[in-house]
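Undergrad: Give the three-dimensional model of this entry:
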Amino acid sequence: MLKRLLSLNTIEVDSKEVVILSLEFFETNNIDFVDSLLCAYSKLQKETVVSFDKKLNRCLAI
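TA: Numbers count the residues shown, from 1 in each chain. Predicted coordinates:
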C-alpha cells in the first residue's frame, strides 16, 4: 500500500527507489524502518554502514 502511494507524482521524497527498497526490507527482514533505510542506502548508493545491530548486519549481508 505504501509503495503505491510513493508512485504518485504528488508525493515527494529525496530518493523514491531507496524508500521503496527500504519498505521491502522492512517487510521481509523484521527490522526497524530506520535500519531498513540504512540497508537500502547501502545497497543502492554503495554506502558503507557499520553497526553492532545483528538484524541490520544480516540485512546488509544480503
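
Undergrad: Please count neighbours and contacts with C-alpha atoms only from this point.
TA: OK.

Undergrad: Now do the same for the residue most central in space within the chain: its pLDDT.
TA: The residue lying closest to the centre of the chain (CA atoms, centre = their mean) is residue 22, at 2.0 Å. Per-residue pLDDT puts residue 22 at 93.

Undergrad: The helix or strand of the chain with the lowest mean pLDDT: which residues count as buried?
TA: Lowest mean confidence among the helices and strands of the chain (mean pLDDT, DSSP states H and E): helix 2-6, at a mean of 77. Across helix 2-6, burial judged by 16 or more other CA atoms under 10 Å covers residue 6.

Undergrad: Need the contact partners of it.
TA: With CA atoms under 8 Å, 6 or more residues apart in numbering as the test, helix 2-6 has contacts from 11, 12, 16, 20, 23.

Undergrad: Could you write out the alpha-carbon coordinates of it in PDB?
TA: Taking C-alpha atoms only, helix 2-6 is exported to PDB below (Å, rounded to 0.1, in the frame of the first residue of the first chain):
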ATOM      1  CA  LEU A   2       2.700   2.500   0.900                       C
ATOM      2  CA  LYS A   3       4.700   1.600  -2.200                       C
ATOM      3  CA  ARG A   4       1.700   2.600  -4.300                       C
ATOM      4  CA  LEU A   5       1.500   5.900  -2.600                       C
ATOM      5  CA  LEU A   6       5.100   6.600  -3.400                       C
END
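
Undergrad: after it, next one along is what?
TA: Downstream of helix 2-6, the next assigned helix or strand under DSSP states H and E is helix 16-29.

Undergrad: Please verify my assumption that the residue nearest to the centre of the chain contacts residue 43.
TA: No: counting by CA atoms under 8 Å, residue 22 does not reach residue 43; the two are 9.9 Å apart.

Undergrad: For residue 19, give me its contacts.
TA: Per CA under 8 Å, 6+ apart, neighbours of residue 19: 37, 40.

Undergrad: if I look at it, how far off is residue 11?
TA: 12 Å (CA to CA, to the nearest Å).
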